[in-house]
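**Q** Sequence first, then the predicted structure, then my questions.
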Amino acid sequence: MSNLSILQDFPSDFTFGVATSSYQIEGNSYGGCGKSIWDDFAERRLNGIDGQKACNHYSFFKEDIKLIKDAGFKAYRFSFAWPRLFPENDNQINQDGVNFYHRLLDEINLNDLEPFPTLYHWDLPIRFIKNGGWENKDTSKRFADYANFISKNFGDQFKSVATINEPWCISWLSYYLGEHAPGKKDLNAAVNSMHNILLAHGLSVDSLRSEHNHQIGIILNNEFSEPIDQSEKNIQAANLFDAIYNRWFADAIFKGKYPQISLNLFEPLMPQDYQSDLKTISKPIDWLGINYYTRSLIKSKISKDKINYDCLRGSLKKTDMDWEFYPKGLSYFINRIHKEYDEKIPIYITENGMANNDRMNSKGDIEDLDRIEYFQLHLQEILECLKKGIPLKGYFAWSLLDNYEWSYGYDKRFGLIHVDYENFSRKTKLSYREFQKYL
Ligand code: IFM
């Protein structure tokens, strides 16, 4: 029987928390929040299924913080919504938005939870799209101003802060694969946004530090890259996937350069002065967040743009996203960061969890045993890494609540807590109660 008794084996200074993001839970129709690229994308591409209401965390945040506290978690990872703070333009503040984040941070601190805000979790104000969104370096500069505003206004309410959540999703998934807002399929746009999102990170490190002595990190999503077989061409394809998905961002941040294998393809498309930006991008940070969910099986293919691979799913047990359980990938990336990038950098697992086809039993309970097993298997890998002395500091389950899962709308449920989207009632699942029992 799956359980989370493994939680008892962790050292007492290891932080357990839960994670969410603004657009996925807050509800953009409340409190004067402006439109983001996701409202526009949802209208154009998702039959209008958007985050206008989401979980109405805007109204229910006190109840949600209490649930975090009651489970025994010690930290809460959430994100600021840029369009909530600056709905119309870069200078006109929405005071309701400012008040909301003050109240949220107060509530987190009053409950002795450590706030882990992220500055950007994908809800770019819609006005930026006219100028190309992340294709345009100006967006990176505006982001640094926004970061400075946050530090100036809220900086005495938190210590740790992450600049960007999942740069691969913001750039490759959104500008090359077209699966996320703004939904472009253009290699040139993708390459520029892959650089500019990192520049936004680098510039914001300085603009945050100019206000407060924060502990600054960035959050990278990693997906394990496994060639479908050991043939030379499939190994090469898997290396290219890895260079674009994983190494592009980590190499730039920790080594101040891009991996040669992807740069060979991208160099002609890069912004002219990209090399001098790499100095800004690789400014020292205080911690790294890793989001980890699954692996991809990579098969070589010939493509006009030379992105010569296809991603397949294997036959291991799968989540409701069709993502395989592959916990070994998590320890692989932890070890890789530690050995190949920076052996001193404190690492947090900032997201890990699964979408499950949750069903209520006759008593109205959700017994999400597969989710418990998923957590248990990944925690096991983390524990092994801790035993080797890797400076792993914490783990955030994704997610506190069922929420808006981007292009999938509300169909995929990742929460430890079930949300009824009609009346916003919350109901704890068995996985929540397992954390509660052992924390
Ligand atoms: O829901 C997302 C989150 O916003 C970013 N990381 C992956 C999660 C699951 O897809």
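**A** Done, it's in.
**Q** interface residues of the protein facing the ligand?
**A** 21, 24, 166, 291, 351, 398, 405, 414 (C-beta under 6 Å from any ligand atom). All C-beta spots, glycine's among them, are computed from the backbone N, C-alpha and C.
**Q** is it possible to export those residues to CSV including pLDDT?
**A** As requested, those are exported to CSV (pLDDT from 0 to 100):
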residue, pLDDT
21, 99
24, 99
166, 98
291, 98
351, 99
398, 99
405, 99
414, 99
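**Q** As JSON lines, these with secondary structure would be great.
**A** JSON lines is the format used below for the residues of the chain next to the ligand (DSSP: H, G, I helix; E, B strand; the rest coil):
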{"residue": "21", "secondary structure": "coil"}
{"residue": "24", "secondary structure": "helix"}
{"residue": "166", "secondary structure": "coil"}
{"residue": "291", "secondary structure": "strand"}
{"residue": "351", "secondary structure": "strand"}
{"residue": "398", "secondary structure": "strand"}
{"residue": "405", "secondary structure": "coil"}
{"residue": "414", "secondary structure": "coil"}
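**Q** Contact partners for residue 260?
**A** Under the criterion of C-beta atoms under 8 Å, 6 or more residues apart in numbering, residue 260 has no neighbours.
**Q** can you give me the helices in the stretch 1-150 of the chain?
**A** Using DSSP state H, counting those that start in this stretch, the helices of the stretch 1-150 of the chain run over residues 22-25, 37-45, 57-71, 82-85, 95-110, 137-154.
**Q** List of residues touching the last one?
**A** By that I understand helix 137-154. 80, 82, 85-86, 90, 98, 101-102, 105, 117, 119-120, 124, 128, 131-134, 161, 163, 196-197, 199-200, 203-204, 206-208, 210-212, 214, 271.
**Q** Likewise for the third one?
**A** For helix 57-71, the external contacting residues (C-beta under 8 Å, 6+ apart) are 17-18, 20, 25-27, 30-31, 76, 100, 103-104, 107-108, 111-113, 400-401, 416-417, 424, 426, 428, 432, 435-436, 439.
**Q** gap between it and the chain center?
**A** Using C-alpha atoms, centre = their mean, to the nearest Å, the distance from the centre of helix 57-71 to the centre of the chain it belongs to is 20 Å.
**Q** and it with helix 95-110, angle?
**A** If you take axes from the mean of the first three to the mean of the last three C-alpha atoms, to 10 degrees, helix 57-71 sits at 10 degrees to helix 95-110.
**Q** ok, now the last one?
**A** If you take the same axes, to 10 degrees, helix 137-154 sits at 60 degrees to helix 95-110.
**Q** Output helix 137-154 as CSV, restricted to C-alpha atoms.
**A** Output of helix 137-154 as CSV, limited to C-alpha atoms (Å, rounded to 0.1, in the frame of the first residue of the first chain):
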residue,chain,number,x,y,z
LYS,A,137,14.6,42.4,-25.7
ASP,A,138,12.6,45.3,-24.5
THR,A,139,10.3,42.8,-22.7
SER,A,140,13.4,41.6,-20.7
LYS,A,141,14.2,45.2,-19.7
ARG,A,142,10.6,45.9,-18.6
PHE,A,143,10.7,42.7,-16.6
ALA,A,144,13.7,43.9,-14.7
ASP,A,145,11.7,47.1,-13.8
TYR,A,146,8.8,45.0,-12.7
ALA,A,147,11.2,42.9,-10.5
ASN,A,148,12.5,46.0,-9.0
PHE,A,149,9.0,47.2,-8.2
ILE,A,150,8.2,43.9,-6.5
SER,A,151,11.4,44.0,-4.4
LYS,A,152,10.8,47.7,-3.4
ASN,A,153,7.1,47.1,-2.4
PHE,A,154,7.1,43.6,-1.0
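**Q** Can you give me the buried ones in that helix?
**A** 137, 139-144, 146-151, 154 (16 or more other C-beta atoms under 10 Å).
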